[in-house]
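Undergrad: Here you go, sequence then predicted model.
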Amino acid sequence: MKTNLKINALLGGVLAASFLAGSAYVPSANAEDWPTWGKNETRNMVSDEKGLPIDIELGTKKAGTDEVDLSTTKNVAWIAKLGSQSYGTPNIAGGFVYVGTNNESPRNKGHIGDRGVVMAFDEYTGAFKWQMISPKLGAGKVSDWEYLGMCSTPTVVGTKGYVVTNRCEVVCIDLNGMSDGNQGFQDEAKYTATADKDGKIVEPEIGATDADILWVYDMRKELGVFPHNIASNYPLVYEGNVYVATSNGVDWSHTNIPAPTAPSFLCLSADKGEYVAEMAAEAQVSENIMHCNWSSPTVAMVNGKAQIIFAAGDGWVYGMGTAADKVKVDDEISELPILWKYNACPKEYRVDENGEKRKYAEYDGPSELISTPVIHDGLIYVSIGQDPEHGEGVGMMSCIDPTGTGDLTDKPVWTFRDIERTISTPAVKDGLVYMSDYTGRLFCLEAKTGKQVWKYDTKGHIWSSPLLADGKIFLGNEEGELFILAEGRELKVLKEIEFPAALKGSLVAANGALFLATDTHLYCFKEGAKPVEN
């Protein structure tokens, strides 16, 4: 994985050296991409970029339009239009920016209507390059909710991208698009086909702005998975294999699990998308799902050996062996062995003082894990939470030592219960961990003890995760407010910027610039940038 990240950085440097005269900015001397959620396999949202702007002016709209007059902006390199809802955080690699969105601002008249979309833009100009279109499932919105679009973004390794689609598929795409011909999978037209008003299946014409799909693995068809609302998480590509949560979940009633024996976690080969292994059945995650499995996997190195860390929909965190450790069960199934497990949702959240099971989605009820586990200095940091549509509720953050075996529930390094439900992912640096909750608060804790250092209330619900870069903390909320605070033990708010749309994805930093997707637009911010119109 680290080798691939170096390749991505080199590709970005080569492209930067030959970028067009119309580019908005020159990449930094220490150009470094952000090719996956959390930058690398530790998922720690920390960047070494310097000189990032905080004096940002978003400008005013051109008369009679929704388009921003870039001449009225400051430190805005470019702005690109997305759909009407965008939950994916951008990934940047090889001179391109990738992000998931919906199709409410269609780029191609051949693809009209509700779809999941991955868009690719030029990193330095914001010019639209190509898109991957994923039609909605015919199973109804309980498995592919209307207008959610593509909620994740491709993980980039070299010239390939790996993404979990709204259709509960793992798809590998050629990041060159159709510019070098149609590679691998040859049925892009059939894949993107939809029914017209008369029910006739219509295959669109595939052109230069369509994605080049290399392979597709359908988790519903192959494994019997039943996704709830949407399938989403960021694939982990490690040592030639792709690890993903399957998004197996409950049905519309929220009380029935349609596929209790379908796997909640899967490993595929990165080159061909072939089945390698699944999470060991002994964990019984799918039998105990509270809502869905949406957390992204992580890699932890424990005593020189890799573990796959999965925060599951049953409220437990699992440490598993890699594909190299798989155990063959029969001719069709191989399993990733469970090395340890940890109950991140305490017993008193699951049952009341009378021993009665608490109701899910109530304030004091149990929660699963949507937050991504973060690895730093040999420890794991993760918090419980629920779909934001369920509202606020009790939460808990845990710090786990993965060197143990068996049930580690009674052996946390520390726990912190003043935090409420969250889907955010923590960031750890210089002995401090920064974590936000859905209620709208940002916490700074001591990484080794869990002791609170400070707390800041943004007064708006938070879906996104804090980014640490250039000595600052960048965090957005659902109200469209971006907060920039100083890193460290002293609470210091440096800047607040109001956007015209909700901020649900997280900021990332790459090659001397900041990238942010709101519900409706993708922004690139660069100190001293000369903006480019698209």
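TA: That came in fine, so what should we check first?

Undergrad: drop to CA atoms for contacts and neighbour counts, all remaining ones
TA: Fine.

Undergrad: what element comes up after the helix or strand harbouring residue 172 heading to the C-terminus?
TA: Mapping residue 172 onto the secondary structure by DSSP states H and E places it in strand 169-174. Downstream of strand 169-174, the next assigned helix or strand under DSSP H and E is helix 188-191.

Undergrad: now that next one: how far from the chain's centre is it?
TA: Relative to the mean C-alpha coordinate of its chain, helix 188-191 is positioned 26 Å out (Cα atoms, centre = their mean, to the nearest Å).

Undergrad: ok so, going back, tell me the helices and strands packed up against the strand holding residue 172.
TA: strand 160-164, strand 212-218, helix 219-223 (3 or more Cα pairs under 8 Å, 6 or more residues apart in numbering; DSSP states H and E).

Undergrad: got CSV for those, with mean neighbour count too?
TA: Putting these into CSV (neighbours: other Cα atoms under 10 Å) gives the following:
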stretch, mean neighbour count
strand 160-164, 25
strand 212-218, 22
helix 219-223, 16
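
Undergrad: Mean pLDDT and distance to residue 67 added to the ones you listed, as JSON lines?
TA: Rendered in JSON lines, the data for the helices and strands packed on strand 169-174 read as follows (pLDDT from 0 to 100; distance: least, Cα to Cα, whole Å):
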{"stretch": "strand 160-164", "mean pLDDT": "97", "distance to residue 67": "30"}
{"stretch": "strand 212-218", "mean pLDDT": "94", "distance to residue 67": "30"}
{"stretch": "helix 219-223", "mean pLDDT": "96", "distance to residue 67": "40"}
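
Undergrad: one step back: what are the contacting residues of the strand holding residue 172?
TA: The set of residues that contact strand 169-174 without belonging to it, under Cα atoms under 8 Å, 6 or more residues apart in numbering, is 159-165, 183, 211-220, 231, 273.

Undergrad: Off-centre distance for it?
TA: Distance of strand 169-174 from its chain centroid, counting by Cα atoms, centre = their mean, is 15 Å.

Undergrad: Now that strand: average pLDDT?
TA: Averaging the model's pLDDT scores along strand 169-174 yields 96.

Undergrad: list the buried ones in that strand?
TA: Residues of strand 169-174 classed as buried under the neighbour-count rule (16 or more other Cα atoms under 10 Å) are 169, 170, 171, 172, 173, 174.

Undergrad: cool, and stretch 35-53?
TA: When neighbours are counted by 16+ other Cα under 10 Å, the buried residues of stretch 35-53 are found to be 35-47, 49-50, 52-53.

Undergrad: Quick one: residues contacting residue 442.
TA: Taking Cα under 8 Å, 6+ apart as the contact definition, residue 442 lies against 434, 435, 436, 455, 456, 457, 458.

Undergrad: quick one: the closest residue to it other than its chain neighbours from residue 242, how far?
TA: Residue nearest to residue 442 in three dimensions, not counting chain neighbours: residue 436, with 4.2 Å by Cα to Cα, 6 or more residues apart in numbering. Using Cα to Cα, to the nearest Å, one gets 29 Å for the distance from residue 436 to residue 242.

Undergrad: Which one of these two is surrounded by more residues?
TA: Relative neighbour count places residue 436 above the other of residue 436 and residue 242, with 31 against 25, counting by other Cα atoms under 10 Å.

Undergrad: now the stretch 101-250 of the chain, which segments are flagged as low pLDDT?
TA: Scanning the stretch 101-250 of the chain with the threshold set as pLDDT under 70 gives 139-140.

Undergrad: cutoff 80 now
TA: Low-confidence segments of the stretch 101-250 of the chain, defined by pLDDT under 80, span residues 109-111, 114, 138-142, 144-147, 178-181, 183-200, 202-207.

Undergrad: Could you give the bridge partners of residue 427?
TA: On DSSP bridges, the residues paired with residue 427 through beta bridges are residue 434.

Undergrad: let's number from 47 now, not from 1
TA: New numbering, starting at 47: the last item is residue 473.

Undergrad: right, and it touches residue 513 too?
TA: Yes: if you go by Cα atoms under 8 Å, residue 473 and residue 513 touch, sitting 6.9 Å apart.

Undergrad: I'd like the distance between the residue located most distally from the centre of the chain and residue 394.
TA: Checked against the mean C-alpha position of the chain, the extreme residue using Cα atoms, centre = their mean is residue 400, at a distance of 38.5 Å. Counting by Cα to Cα, the gap between residue 400 and residue 394 amounts to 10 Å.
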